[in-house]
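Peer 1: Pasting a predicted model and its sequence here:
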Amino acid sequence: MKYPTKNYYLIVGLGNIGPAYDGTRHNVGFQTVDHLAEQHGVSFEPSHLAYKAVVQHQERTLHIIKPTTYMNHSGKAVRHWLNKLQLPVEHSLIVVDDIALPFGKLRLRMQGTHAGHNGLKSIEAQVGTRAYPRLRIGIGNNFAPDQQADYVLAPFKKREVTALPEYLAQACEMVCAFSTLGIQQTMAQYN
């Protein structure tokens, strides 16, 4: 089915599937799209390479996925769903954790490097470009040398868990604004 590109978007929350990863910093992309689905009263269903939900927002259709490929192979799911929905990469938004930003800081970007993030590295390799929109969610970098993997795969601290819903709600606002206002205006309004 050919979608009218103007009103259709692919929103990708990055994370790892399975209870061992629930609530970890690396899964804040999953948490964001879970929050978005909950706000709109929809549920995720198993689909090809991902759990998928569809949200209607102001005459826009947001196809939301949580890849089931694990973080390191997220690009396979992104490429599959861009192809299936016949959407250009500019109509996708990757929601991702970022250790370069303080906890709770949100940054929308039109493109960028993977900065060592395995999910972004996989997406770049699979879609063949760095020029895809991403919403970076700060998780901080309070870890000792050589402890990055342990840090990102650890649960948020209690005080962070308390503050997280506010940041997730703002991230969801930014996702919706991206689909209705476009990336430039959303960046100007929220960054």
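Peer 2: Good, I have the coordinates. Residues are numbered from 1 along each chain as shown.
Peer 1: Every contact and neighbour count from this point should use C-alpha atoms.
Peer 2: Noted.
Peer 1: mind checking the SS state of L108?
Peer 2: Assigned state for L108: strand (three-state reduction, DSSP: H, G, I helix; E, B strand; the rest coil).
Peer 1: ok now do the nearest residue in space to it that is not next to it in sequence, which residues does it touch?
Peer 2: Spatial nearest neighbour of L108, chain neighbours left out: L135 (4.5 Å); criterion: Cα to Cα, 6 or more residues apart in numbering. Taking Cα atoms under 8 Å, 6 or more residues apart in numbering as the contact definition, L135 lies against L93, I94, V95, V96, L106, R107, L108, R109, A171.
Peer 1: and the fifth one, what pLDDT?
Peer 2: This means L106. Here, the pLDDT recorded for L106 equals 98.
Peer 1: for the first one, same thing?
Peer 2: On pLDDT, L93 comes in at 98.
Peer 1: correct me, but it touches G29?
Peer 2: No. L93 is not in contact with G29 according to Cα atoms under 8 Å; the separation is 10.9 Å.
Peer 1: list the residues that contact both of the two?
Peer 2: Contacts common to L93 and G29, judged by Cα under 8 Å, 6+ apart, are V12.
Peer 1: and the gap between the residue nearest to L108 and G18?
Peer 2: Distance, L135 to G18, by Cα to Cα, to the nearest Å: 23 Å.
Peer 1: What of E90?
Peer 2: Following Cα to Cα, the distance that separates E90 from G18 is 29 Å.
Peer 1: likewise F44?
Peer 2: Look at F44 and G18: by Cα to Cα, they are 14 Å apart.
Peer 1: Cheers, nothing more for now.
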